[in-house]
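In: how does the following fold in three dimensions:
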Amino acid sequence: MARILSIETSTAVLSVALSEDRTVVSERVCTEARQQAALTAPLVKEVLDEAGVSVRDCDAVCVSAGPGSYTGLRVGVSTAKGLAFGADIPLLAVGTLDILVAGIIFGAKQPGESGDGLDRRDHSYIVPMIDARRMEVYTAVYNAAGECLTPVEAKVVGPESFADYLDRGPVLFVGDGAGKCREVITHPNARFQEAAPLARHMAVLALDAFRAGKFQNVAYFEPFYLKDFVATVSKKQLW
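Out: Below is the predicted model:
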């Protein structure tokens, strides 16, 4: 049995889960925005305490690698690195878009998710979307089996976006960036599911990475930001 602690901080929703093989035995989800820095470590402790184990009892720590929020990713990766180093256990990382797709393929609908009441098998393609600025999303195209077909990219969504795939059959757009695309992508084959990547949906991905020995270098691993962080100067007058 592989016991893995998973941490997901890439979007507004923060989540932590402990899994034994594919089974989630404890989890915490915080839907209040911008709480990663304050609550990631406390939620890790709650999850471990509930299961009656310590980090040293885990076989690995897995973190969402991005793309997503710059600050959220840094908090999650820093926390995961610290836990892995302190307990001398492997560090794993899985892509945020892969987590969204895993939630569709393996996961039951979670509280707070909205959608069209679809059968989750009612699609030919899955397009996970992480919200970026304006009409931009971090995205890629997956087939119904969860295989990634295109590179991950930052894409500005317009009326003709993903038209080639939509013409072939139903496409499920999922993620916190899917909602804002509903008014733009009006093809009859478009389906929409607003959802966050959750740590519970990392269980299968983390187990596969663990069994394959896909361990990250604790000292040098960095999140997949996709785009460089751009600092801006506030326009508010301070005095």
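In: could you say which helix or strand holds Ser6?
Out: In this structure, Ser6 is located in strand 3-8 according to DSSP states H and E.
In: now for that strand, which elements pack on it?
Out: If you count contacts as 3 or more C-beta pairs under 8 Å, 6 or more residues apart in numbering; DSSP states H and E, strand 3-8 packs onto strand 14-20, helix 36-51, strand 60-64, helix 70-87, helix 203-211. Yep, even glycine has a C-beta here, placed from its N, CA and C like the rest.
In: need the residues that contact it.
Out: Residues outside strand 3-8 that contact it (C-beta atoms under 8 Å, 6 or more residues apart in numbering): 14-20, 40, 44, 47-48, 53, 55, 57-64, 76, 79-80, 83, 92, 96, 99, 197-200, 202-203, 206-207, 210.
In: try it again at 7 Å.
Out: Residues outside strand 3-8 that contact it (C-beta atoms under 7 Å, 6 or more residues apart in numbering): 15-20, 40, 44, 55, 57-64, 76, 79-80, 99, 197-199, 202-203, 206-207, 210.
In: that older thread, check the helices and strands packed on strand 3-8 for me and report the most buried one.
Out: Of those, the one with the most neighbours on average (mean count of other C-beta atoms under 10 Å) is strand 60-64, at a mean of 29.
In: for that one, what is the average pLDDT?
Out: Per-region confidence: strand 60-64 scores 98 on mean pLDDT.
In: kindly report the same for stretch 172-189.
Out: On average, stretch 172-189 scores 96.
In: what about the helix or strand containing Val101, distance to the chain center?
Out: Here Val101, judged by DSSP H and E, is contained in helix 96-106. Centroid displacement of helix 96-106 relative to its chain, using C-alpha atoms, centre = their mean, to the nearest Å, is 8 Å.
In: tell me the buried residues in that helix?
Out: By neighbour count on 16 or more other C-beta atoms under 10 Å, the buried set for helix 96-106 is Thr96, Leu97, Asp98, Ile99, Leu100, Val101, Ala102, Gly103, Ile104.
In: out of those, which comes closest to Ala219?
Out: Taking C-beta to C-beta as the measure, Thr96 is the one of those closest to Ala219, at 22.4 Å.
In: next up, phi/psi of the residue nearest to the closest one when sequence neighbours are not counted, please.
Out: Nearest in space to Thr96, with sequence neighbours left out and distances taken as C-beta to C-beta, 6 or more residues apart in numbering, is Ser10 at 4.5 Å. Main-chain torsions, Ser10, degrees, to the nearest 10: phi -80, psi -20.
In: correct me, but Ser10 touches Tyr70?
Out: No. The pair Ser10 / Tyr70 is not scored as a contact, 9.8 Å apart, by C-beta atoms under 7 Å.
In: sorry, back to before: can I get the buried residues of helix 96-106 in a markdown table with distance to Ala132 and pLDDT?
Out: Conversion of the buried residues of helix 96-106 to a markdown table gives the following (distance: C-beta to C-beta, whole Å; pLDDT from 0 to 100):
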| residue | distance to Ala132 | pLDDT |
| --- | --- | --- |
| Thr96 | 12 | 98 |
| Leu97 | 13 | 98 |
| Asp98 | 18 | 98 |
| Ile99 | 17 | 98 |
| Leu100 | 14 | 97 |
| Val101 | 18 | 97 |
| Ala102 | 21 | 96 |
| Gly103 | 20 | 95 |
| Ile104 | 21 | 94 |
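In: near the residue nearest to Thr96, how many other residues are there?
Out: Ser10: 33 surrounding residues under other C-beta atoms under 10 Å.
In: which residues are in contact with it?
Out: Contacts for Ser10 were tallied using C-beta under 7 Å, 6+ apart; they are Ser64, Gly66, Gly68, Ser69, Gly72, Leu73, Gly76, Thr96, Pro197.
In: alright, calling it a day.
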